[in-house]
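Chemist: Quick check, what structure comes out for this input:
(one chain, ligands or ions: 1)
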Amino acid sequence: MTDLSTITRRKTRQITVGKVPIGGDAPISVQSMTTTDTCDVESTTKQILSLSGAGADIVRVSVPTIESAIAFGKIKKGVDVPLVADIHFDYRIALEAAKQGADCLRINPGNIGKEDRIKQVIQSAKDHGIPIRIGVNAGSLEKDLQKKYTEPTPEALVESAFRHIDILDKYDFQNYKISLKASEIFMTIAAYKLLANQIDQPFHLGITEAGGLQSGTVKSAIGLGVLLMAGIGDTLRVSLAADPVEEVKVGFNILKSLHLRKKGINFIACPTCSRKQFDVITTVNALEERLSDINESIDVAIIGCVVNGPGEAKTADIGITGGKPNLLYVNGKTAGKLEDNELVDELEKTIRNQIGQLEKSDEKIIPVIKVG
Ligand code: SF4
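Modeler: Residues are numbered from 1 along each chain as shown. Model (predicted):
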């Protein structure tokens, strides 16, 4: 199939969060954030494990108190995935989180207060070799900027960003990434585009407070999709008022749709109509559920009838086309007939067999074609 998916990525310097590179030609990483009480070490560790099980490359954890910074250290020992400590205002918490093994500090230097405190946090990040994420958010713009611009605007977000960037520059700290989030798509896109040519640090993308599972997914897919297609974005988090595992799934689905990453099964399924010869929707839902542990990249087509079935099934790795009988395809060739009542079991078996034959690899990523 002709590949029309060339995206020229914004050229950024590379930083690393734990073992995960961000920026440069690194794959665009997917992040999520815990929703548990950080002091509840057991629940937070459990949630982080389920997020990394779903494929999250990086997990962010709120650290609002010194006690939670201590808990962060305990949590860190029980997980492999890099952890970002999310801190606001209190430099002592940032120092403690760095000491406890944070792989990145999310803190805005301009909000820490006295110069000496800022210096200590930056020095600590340098000593521990960890980056900082500046997180500008339209909902928490500085009061004077709110007054100057009367309302959040892309220019206000970028001006706020430069206040933090200038502080890091002053202390010769370039190991940072930045986000400029708003819940409004147009503003978010304009703000990232405005900053894109002014610095070369990587961007963390997100539409903040995007909404519930469905509305937030749509909003994020449009907002992040537009930026990613323009080559902007090095790591992302989809913010949903839902189970954070859903954020990870949506993040990967956005990247998969743009051919920026391949991770997990790419289901191609028809919406069905009266021509369908088997229950496509139940079959797809059952397979998505049963195969959620799969990280390998594979295309599976589930199509209700011969109108589009053979075409889709032949170009996928595995396909099923509804008919009398339903026809199974593997690697573009017919590979058997399946009764309706054996579809889910047999497809699961065939997909797992096929994956077993694929070369073992942690993740199969289509590298973005060009870095401009
Ligand atoms: Fe309907 Fe067949 Fe098209 Fe599916 S592939 S939507 S069953 S016509």
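
Chemist: Output the set of residues of the chain in proximity to the ligand.
Modeler: By Cβ under 6 Å from any ligand atom, the residues of the chain that approach the ligand are 270-273, 275-276, 303-305, 307-309. Just so you know, the C-beta spots here come from the backbone N, C-alpha and C atoms, and that holds for glycine as well.

Chemist: if we go to 8 Å?
Modeler: Neighbours of the ligand within the chain, by Cβ under 8 Å from any ligand atom: 270-277, 280, 303-309, 322.

Chemist: Please pick the buried ones from the residues you listed.
Modeler: 270, 272, 276-277, 280, 303-305, 309, 322 (16 or more other Cβ atoms under 10 Å).

Chemist: can you pull out the helices in the stretch 51-200 of the chain?
Modeler: Remark: helices assigned in the stretch 51-200 of the chain by DSSP state H, counting those that start in this stretch are 66-77, 91-99, 115-128, 143-149, 154-170, 185-196.

Chemist: worst average pLDDT in these?
Modeler: Among those, helix 143-149 carries the lowest mean pLDDT, at a mean of 91.

Chemist: which helices and strands does that helix pack with?
Modeler: Helix 143-149 sits against helix 154-170, with contacts defined as 3 or more Cβ pairs under 8 Å, 6 or more residues apart in numbering; DSSP states H and E.

Chemist: How far off centre is the helix it packs on?
Modeler: When C-alpha coordinates are averaged (Cα atoms, centre = their mean, to the nearest Å), helix 154-170 and its chain have centres 24 Å apart.

Chemist: on that earlier part again, got CSV for the buried ones among the residues of the chain next to the ligand, with secondary structure too?
Modeler: Shown next, in CSV, are those (DSSP: H, G, I helix; E, B strand; the rest coil):
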residue, secondary structure
270, coil
272, coil
276, coil
277, coil
280, helix
303, strand
304, coil
305, coil
309, helix
322, coil
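
Chemist: Tell me which of the residues you listed has the lowest pLDDT.
Modeler: residue 309 (88).

Chemist: Contact partners for that residue?
Modeler: In this structure, residue 309 makes contact with 270, 301, 303, 319-323, 327, judged by Cβ atoms under 8 Å, 6 or more residues apart in numbering.

Chemist: Give me the buried stretch members for the host helix or strand of residue 215, please.
Modeler: Using DSSP states H and E, residue 215 sits in helix 213-229. With burial defined by 16+ other Cβ under 10 Å, the residues of helix 213-229 counted as buried are 213, 216-217, 219-221, 223-228.
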